[in-house]
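Participant: Take a look and give me a structure for this.
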Amino acid sequence: MSLHRRLVAPQPFDLAATWFAILGPGGNTTESGRGVFRLAAHNEAGEVELALHMERDKLVAEAWGPGAAAELETVPRLVGFNDEPDVLADGNGLVAQLSRRNRGLRLGATGRIFDVLAPTILGQRVTSGSAKESYRSLVKAFGEPAPGPGGLRLPPHPSQLAGLDYEEMHRHGIERSRAVILREAARRAKRLEEALSMDRESAYSRLEAIRGIGPWTSGHVMGVAWGDRDAVPIGDFHLPNTVAWLLAGEPRAGDQRMLDLLEPYRPQRRRVVVLLKKSRAGAPKYGPKSPVQDIRPN
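Facilitator: As a prediction, this is how the structure comes out:
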């Protein structure tokens, strides 16, 4: 049995673009296809699976599980109904052009710190493909089946990850340094979730109080979970080059140059980053890639 909610979507509104801006292409806790977007999660009332789709100008939300009613109340925040997508649309520059081209893209917030933090920690210092594979492996091993019909699995509960030893982490492609950070974050998950009700500066401080969580990790988590429209993940391998190339025609840049180029767009720097990434244009690539190493035992 499921619960439903129908909401009149603010215009313009692009559900697909909005979904991918906060949840990406998917994994075993999310899914998208044929215009339906699904999410499995825990909330204060229990487990839930949420499905969203559009019917003309209506956003239709359906939820299963003990957390269904509570999850339906969060849908407007999740898909950014209170966002202002046209805030950067004036002018003739690239950012304004991209903003007008993507007028329905709204920046929402998941409202769940640890569900964003865990896979972000796994993305530290490795390729995105390796990080996603490690997280999928953890979810498969420790995530329970979601209560809906989508075949999804729930994210592992922090209490499950907090008790894993390093040998078990290694089986999922996670070396000791990331395992230490993940375990500590899992042990302090309840305090981390409190950041959602804090002001921006305090929320960043709460996240970065954990050793190993720096501006790259906190920037990503605050943008997606807290809804910080000015979040910039500092220390990213590719992002400074992308920003410099598209905004200044410079093929290579460091963090400071990236921040200088983004400064005129404060407090909407995350929106700029999302728009630049969505353009799928990037800086020229030089040199061969290093082979990806899989540390999991055979």
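Participant: I'd guessed residue 39 sits against residue 49; true?
Facilitator: Yes. Residue 39 lies in contact with residue 49 (C-beta atoms under 8 Å); the separation is 7.2 Å. Backbone N, C-alpha and C define where each C-beta goes, glycine included.
Participant: joint contacts of these two?
Facilitator: residue 152 (C-beta atoms under 8 Å, 6 or more residues apart in numbering).
Participant: that's a strand at residue 61, yeah?
Facilitator: Yes. Under DSSP: H, G, I helix; E, B strand; the rest coil, residue 61 sits within a strand.
Participant: Could you give the number of residues near it?
Facilitator: Residue 61 has 25 neighbours, counted by other C-beta atoms under 10 Å.
Participant: Need the pLDDT of residue 26.
Facilitator: Residue 26 carries a pLDDT value of 65.
Participant: again but with residue 280, I slipped
Facilitator: 89.
Participant: do you know how far it is from residue 105?
Facilitator: 14 Å (C-beta to C-beta, to the nearest Å).
Participant: The two: which has the busier surroundings?
Facilitator: More crowded of residue 280 and residue 105, by other C-beta under 10 Å: residue 105, with 25 against 6.
Participant: quick one: contacts for the spatially closest residue to residue 3 that is not a sequence neighbour?
Facilitator: Once flanking residues are discounted, residue 3 sits nearest to residue 68: 4.5 Å by C-beta to C-beta, 6 or more residues apart in numbering. By C-beta under 8 Å, 6+ apart, residue 68 lies in contact with 2, 3, 48.
Participant: neighbours around the closest residue to residue 193 other than its chain neighbours, how many?
Facilitator: Closest residue to residue 193 apart from its sequence neighbours, by C-beta to C-beta, 6+ apart: residue 113 at 5.1 Å. When counting by other C-beta under 10 Å, one arrives at 25 neighbours for residue 113.
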